[in-house]
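# How does the following fold in three dimensions:
(chains A and B)
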Amino acid sequence: GAGVSQTPSNKVTEKGKYVELRCDPISGHTALYWYRQSLGQGPEFLIYFQGTGAADDSGLPNDRFFAVRPEGSVSTLKIQRTERGDSAVYLCASSSRGGSTDTQYFGPGTRLTVL
Amino acid sequence: QKEVEQNSGPLSVPEGAIASLNCTYSDRGSQSFFWYRQYSGKSPELIMSIYSNGDKEDGRFTAQLNKASQYVSLLIRDSQPSDSATYLCAVNKKNDYKLSFGAGTTVTVRA
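You can find the predicted model right below:
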């Protein structure tokens, strides 16, 4: 079946602008995660959804970052007033239930460049 | 101290040799351990998961876990050029869901 998809694959924006990154998880997966990966580093956790609710947003760096999953499927990560330090690859992952032994399947990522 | 530490490499091995990758973690409450492979410009792909002490083999890959010493390793036997990638170690805690990743070890297999 289809894997996790993310759009856009690349996003170039100017400092101060607003961006939205979209994630479409594997069908039927209730758990959805956002991670951010900077060059030469491993992915860093941002936020976790179980169904429609954000069960853990402790990884969001500040209040410029926000994410929603209104119908329990597609999720959108929103970044306001972008800064150059926000440049990274934003990865979305989904898993069937969200347990600690669940396999997380990653999407191809969105490469965000803030000029 | 980082939660998960790996040697960044690069680790260069000849084709057919064994590549050995190591990972240490700081939280004794860690319960689940994963190895992901990431090709350049691509997303992480799970290749092994291990939850109990000992060895777990899957094809050319063997994961080893030692909770007392807080390390997990990955062996790649009969390395192939297609194994050239960055290998990410990830852990999570009991009843937790978010993964903590190491920075990854870059492996290059020389033909």
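# Direction included, what does the helix-or-strand element of chain A with minimal mean pLDDT pair against?
Counting by mean pLDDT, DSSP states H and E, chain A has its least confident helix or strand at strand A:53-56, which shows a mean of 90. Applying DSSP bridges, strand A:53-56 is found paired with strand A:44-50 (antiparallel).
# residue of chain B with the smallest distance to chain A?
Closest contact between chain B and chain A, by C-beta to the nearest C-beta, is at B:F101 (3.0 Å). In this view, the C-beta of every residue, glycine as well, is placed from N, C-alpha and C.
# Report the contact partners of the spatially closest residue to that residue that is not a sequence neighbour.
Nearest non-adjacent residue to B:F101, counting by C-beta to C-beta, 6 or more residues apart in numbering or on different chains: A:G42, 3.0 Å away. A:G42 makes contact with B:4, B:88, B:90, B:101-104, according to C-beta atoms under 8 Å, 6 or more residues apart in numbering or on different chains.
# now do A:Q41
B:103-104.
# just to revisit the earlier point, and the gap between the residue nearest to B:F101 and A:Q50?
23 Å (C-beta to C-beta, to the nearest Å).
# Could you do B:S32 as well?
17 Å.
# can you check B:Q70 too?
29 Å.
# Contacts for the helix or strand following the least confident helix or strand of chain A next, please.
Sequence order places strand A:65-68 as the next helix or strand after strand A:53-56, per DSSP states H and E. Around strand A:65-68, the neighbours that count as contacts under C-beta under 8 Å, 6+ apart are A:34, A:46-47, A:49, A:54, A:57, A:60, A:75-80.
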